[in-house]
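Trainee: Provided below for reference: sequence and predicted model.
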Amino acid sequence: MLSTQQATNLQVAVRRHLAGEWDAASAIYERLALSAQNDFQVNHLLGTLRQQQGRSHEALPYLTRAHRICRRSAPTLMCMGVVLGSLGRLEEAEKALRQSIALDPQAYETWLNLGVHCAQSGRNTEALDAFQRSVKIKPDYARGWTGMGSVLLFTGRGVEAIACHTRALELDPGQPVARFARAQAFQACHCADEALADFDEHLKLRPEHHEARSFRLFVLNYRDDLSREALFAEHLAYGRAVETGQGASTPNRWPNKPDPERRLRVGFLSPDLRTHSVAYFIEPIIAQLDRSQFEVILYHDHFIVDSVSKRLQETADSWRHIAGLKPEAVEKTLRTDDPDIVIDLAGHTGFNRMELFARRIAPVQATYLGYPNTTGLRAMDYRLTDPIADPPGDSDPFHTERLVRFASTAWAYAPPPGAPEPVSCRSEGPVTFGSFNALAKLNGSTLRLWREVLDAVPGSRLVLKSASEALPGWSRRLAEAGLPADRVELLAPAQSVAEHLAGYARMDVALDPFPYNGTTTTCEALWMGVPVVTLAGDRHSARVGASLLAAVGRPEWIASSQAGYVQIAANLALDARGRHALRSVLRDDMRRSALLDHPGQAKRFGAALREMWRTWCGASAIAA
């Protein structure tokens, strides 16, 4: 029992706590905790405050003591669940949350926290159910709607996600989480303009939110009205913002032995070590990398662990599953592993760890494959590419990294197992052009150019498909570009890789978008015997198609102007006999190319890594 004075002090502390005066409240709670160690309220409130402050290690003892004093306090159990989850004690966290719900089934905030826990554990069905229960109990609970929207987006239901986040913003217009999450949902639904508007609005409120800045950079690559100078300036601004004050964490001296020829520990950090386009291109490199020269550590930063993940795990020397871990925990893991080189495979594509790279987590840092532009980080030493995607002298000034053109083409493609054989070219019916690229890449300039292609081949059609749903406004975008609705077909997302690849039988000529070319889709089309027309531009994203087509010996399909693009597409469309022959030879062309020379590409990749390391060793010797 608290004395009268202690009770008065506690009331003052609670008022300050609720007013957001956490330091003042903390000081009073701490004094009370010394004189009233066995008071439930004091322990519960101080533990709750520590949890709100993000000081989980300090919160847990107070909450545990409060729970011992009153085992039927649902709020205490809820706070314990949140704290245990933040400490990585996931089973205990879920047990505490479910015990809290059993005591108070109407606690909408506990349902929310259970939803967050399930989502972070990759259990999306349970997470969605928990969030739905939360808003059913309290329909005006904005955070519940935001949680529901985030899970819906993660499960590919982008349109529903947008609706949920919009509802959250109606309830709480200033909620930054909902604005940021809706921007991501718009991005997933191929609405670049709407996504940028939300990212910009969010960053007005939270200019220090570097993750949002990173997502925004990715969307900017889709724009057809942004010069590469302006795009580079955006990346530089991100780099300056995220690297400010980061240098203090960089070790003055690395423990790595500066021996230029020893076996190296190489880490690959990515959210896409699963069934994903990035895996199609990195798996051949990792599988063939000389293990007498390199020890491979894979850091998988995604909740999904599937058959591709397990195959990569078997290939690697070490596997670290870091999804959901806070930056401090990931940094500790990497510094403990002590890699010599760490390679980022994400860039600004989401779920990235750019802020850790800004802190420098290895002596040598490089970026490769996942992102078609500079990271903007001065701490990122290298970017692996090729001389066609990034011409020497022309591309270098637009990168903070040193460009390493390690091969004639920067990709090593692994065709999906079980891919169907190419189908003979159709001899009847209208010529069909197509693109299975993400609809976000199909900006106004691309769609207007494709209208010119259709105009050049009377009666021709255009078939499109994407991996995710599109908003109803998509038909308006087609109309604005002058594409007649009766000549354009939008296919539903495929349910399997085999079904997706079989869809290439529906097109005669594949059209590459610009300034953001396809990569996986171009390789898929060629593997299925479909010729691809690309327009070479002034930046990496607009020259990937040129690199891939040059690799398979088809430079004649690379246009240098929009008029040339239309002419190449029309010539291919009108040459039915030639297209028929291509169905049977393109796959063999790929097999003979560097794209499928996996041992050769891995050897060239390894040589590039070795040269990076030698450079670091030389610099270390000079510094010493």
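Mentor: Structure's in. What do you need? Numbers count the residues shown, from 1 in each chain.
Trainee: in the stretch 301-450 of the chain, which spans are strands?
Mentor: Under the criterion DSSP state E, counting those that start in this stretch, the stretch 301-450 of the chain contains strands at 318-321, 341-344, 364-368, 382-385, 402-405, 432-435.
Trainee: what's the longest one packed up against?
Mentor: Secondary-structure packing of strand 364-368 (3 or more Cβ pairs under 8 Å, 6 or more residues apart in numbering; DSSP states H and E): strand 341-344, strand 382-385, helix 598-623. In short, each C-beta sits where N, CA and C put it, glycine included.
Trainee: which helices and strands sit right next to the first one?
Mentor: The reference is to strand 341-344. So strand 341-344, by 3+ Cβ pairs under 8 Å, 6+ apart, packs with strand 264-270, helix 354-358, strand 364-368, helix 598-623.
Trainee: if we go to 6 Å?
Mentor: Strand 341-344 sits against strand 264-270, strand 364-368, with contacts defined as 3 or more Cβ pairs under 6 Å, 6 or more residues apart in numbering; DSSP states H and E.
Trainee: ignoring the adjacent residues along the chain, who's closest to the residue minimising distance to the centre of the chain?
Mentor: Taking Cα atoms, centre = their mean, the centroid of the chain lies closest to G350, which sits 2.7 Å from it. Excluding the flanking residues, the one nearest G350 by Cβ to Cβ, 6 or more residues apart in numbering is F215, at 6.1 Å.
Trainee: H44 now?
Mentor: Nearest residue to H44, sequence neighbours excluded (Cβ to Cβ, 6+ apart): A66, at 4.0 Å.
Trainee: contacting residues around that neighbour?
Mentor: For A66, the contact set (Cβ atoms under 6 Å, 6 or more residues apart in numbering) comprises 40, 43-44, 76.
Trainee: and the helix or strand hosting it, C-alpha only, in PDB?
Mentor: Per DSSP states H and E: A66 is located in helix 56-69. The C-alpha atoms that make up helix 56-69 are tabulated as PDB, following Å, rounded to 0.1, in the frame of the first residue of the first chain:
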ATOM      1  CA  SER A  56      13.200  -3.300 -23.500                       C
ATOM      2  CA  HIS A  57      15.900  -4.800 -21.400                       C
ATOM      3  CA  GLU A  58      15.100  -2.300 -18.600                       C
ATOM      4  CA  ALA A  59      11.300  -2.700 -19.100                       C
ATOM      5  CA  LEU A  60      11.200  -6.500 -18.700                       C
ATOM      6  CA  PRO A  61      12.200  -6.800 -15.000                       C
ATOM      7  CA  TYR A  62       9.500  -4.200 -13.900                       C
ATOM      8  CA  LEU A  63       6.800  -5.900 -16.000                       C
ATOM      9  CA  THR A  64       7.800  -9.300 -14.700                       C
ATOM     10  CA  ARG A  65       7.500  -8.100 -11.100                       C
ATOM     11  CA  ALA A  66       4.200  -6.500 -11.800                       C
ATOM     12  CA  HIS A  67       2.900  -9.700 -13.400                       C
ATOM     13  CA  ARG A  68       4.000 -11.700 -10.300                       C
ATOM     14  CA  ILE A  69       2.100  -9.300  -8.100                       C
END
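Trainee: phi first, then psi, for I558.
Mentor: phi -100, psi 120 (degrees, to the nearest 10).
Trainee: re earlier: nearest to R157, of the helices and strands packed on strand 341-344?
Mentor: Closest to R157 of the helices and strands packed on strand 341-344 is strand 264-270 (Cβ to Cβ; 24.6 Å).
Trainee: related to what we said a few turns ago, and the residue nearest to G350, helix, strand or coil?
Mentor: helix (DSSP: H, G, I helix; E, B strand; the rest coil).
Trainee: quick revisit: which other helices and strands does the helix or strand following the helix holding A66 contact?
Mentor: Using DSSP H and E, the next helix or strand after helix 56-69 towards the C-terminus is helix 74-86. Under the contact criterion of 3+ Cβ pairs under 6 Å, 6+ apart, helix 74-86 touches helix 40-52, helix 56-69, helix 90-103, helix 108-120.
Trainee: after the last one, next one along is what?
Mentor: Going back to what we said before, that points to helix 108-120. Counting by DSSP H and E, the next helix or strand C-terminal to helix 108-120 is helix 124-137.
Trainee: what does that next one rub up against?
Mentor: Applying Cβ under 6 Å, 6+ apart, the external contacts of helix 124-137 come out as 106, 108, 111-112, 114-115, 118-119, 141, 144-145, 147-148, 151, 155.
Trainee: and the angle from that helix to helix 90-103?
Mentor: Interaxial angle, helix 124-137 versus helix 90-103 (axes from the mean of the first three to the mean of the last three Cα atoms, to 10 degrees): 30 degrees.
Trainee: average pLDDT across the helix or strand following helix 124-137?
Mentor: Next in sequence after helix 124-137, counting helices and strands by DSSP H and E, comes helix 142-154. Regarding helix 142-154, the rounded mean pLDDT is 95.
Trainee: which other residues reach helix 142-154?
Mentor: If you take Cβ under 6 Å, 6+ apart as the criterion, helix 142-154 is touched by 112, 115, 119, 124, 127-128, 131, 134-135, 160-161, 164-165, 167-168, 171-172, 175, 177-178, 181, 185, 188.
Trainee: show me the shaky parts of the stretch 51-200 of the chain.
Mentor: In the predicted model of the stretch 51-200 of the chain, no residue satisfies pLDDT under 70.
Trainee: what's the answer for the chain, then?
Mentor: Low-confidence regions of the chain, defined here as pLDDT under 70, cover residues 245-252, 425-427, 467-472, 623-624.
Trainee: okay, now the domains of it?
Mentor: Domains of the chain are assigned by automatic domain parsing as 262-412+597-624, 432-592.
Trainee: save the ones you listed as JSON lines, and put in distance to T4 too.
Mentor: Putting the domains of the chain into JSON lines (distance: least, Cβ to Cβ, whole Å) gives the following:
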{"stretch": "domain 262-412+597-624", "distance to T4": "43"}
{"stretch": "domain 432-592", "distance to T4": "62"}
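Trainee: and these: which comes nearest R89?
Mentor: Of all the domains of the chain, domain 262-412+597-624 comes closest under Cβ to Cβ, at 12.9 Å.
Trainee: sounds good, over and out.
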